[in-house]
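> okay, sequence plus prediction incoming.
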Amino acid sequence: MDVSKLKTTEFLANYFGISARRVQQLAQDNIIPSVKEKGTYYFDPPIAIKKYITFLQDALNKKNKNTEEHETKKLDAEIRLKEAKATVAEIELSELKGKMHRSEDVQALIEDLAATIKGMIAGLPGRLAMDVVNLKTAAEVSDAIEKACFEILDQLAEYEYDPDYFKEKVQERGGLASDDIDSD
């Protein structure tokens, strides 16, 4: 091939504003077509310029696509974070309104109820001792014990949910005044 009409690596490097080594890399990677003769690369400037512009446009498009994907991922993460915060706020509001209770509050209430039941049952022998000592038959003793058990069960049956108990727990955690909790 006649290289007299072609330009050298240095010409293209100066024209593109890049190093001669970079021009050689582009030629080796077949990004810019070249002719290599006696260890020197030669280029047809109009073709080399078009190919280099196409290469730069492709690189820019790829970068923009990556940037868009990154932005999309970032926005998705931001949306998920805001949705999670909204869910937490809804849960907190439900708790403040007394529509939902924390498991530790329910556990404390149940433990208190269990302690009350235990105390009632533990006090049963002392309460019944004087009543059954004067009774003559096993049937009378059985009736007295049964009556005392039913009294305990009646007291427990009167137990009702106390929203104030849970309001106090919420106030302890959040420092809210009872007027701040507006239950529906």
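Right, received. Where do you want to start? Numbers count the residues shown, from 1 in each chain.
> just give the number of residues close to Tyr41.
Using other C-beta atoms under 10 Å, Tyr41 has 22 other residues around it. C-beta here means a position set from N, CA and C on the backbone, and glycine is covered the same way.
> wait, a strand at it?
Yes: according to DSSP: H, G, I helix; E, B strand; the rest coil, Tyr41 belongs to a strand.
> how near is it to Ile53?
Distance of Tyr41 to Ile53, computed by C-beta to C-beta, to the nearest Å: 19 Å.
> next one: Thr87
Distance, Thr87 to Ile53, by C-beta to C-beta: 51 Å.
> before we move on, what SS does Met100 have?
Secondary structure, three-state DSSP: Met100 is coil.
> distance of it relative to Pro163?
From Met100 to Pro163 the distance is 12 Å (C-beta to C-beta).
> now Leu26. Nearest residue, chain neighbours left out?
Spatial nearest neighbour of Leu26, chain neighbours left out: Ile32 (4.5 Å); criterion: C-beta to C-beta, 6 or more residues apart in numbering.
> which residues touch that neighbour?
Leu12, Val23, Leu26, Phe43, Ala48, Lys51, Tyr52, Phe55 (C-beta atoms under 8 Å, 6 or more residues apart in numbering).
> torsion angles phi and psi at it?
Note on Ile32: backbone dihedrals following degrees, to the nearest 10 are phi -110, psi 120.
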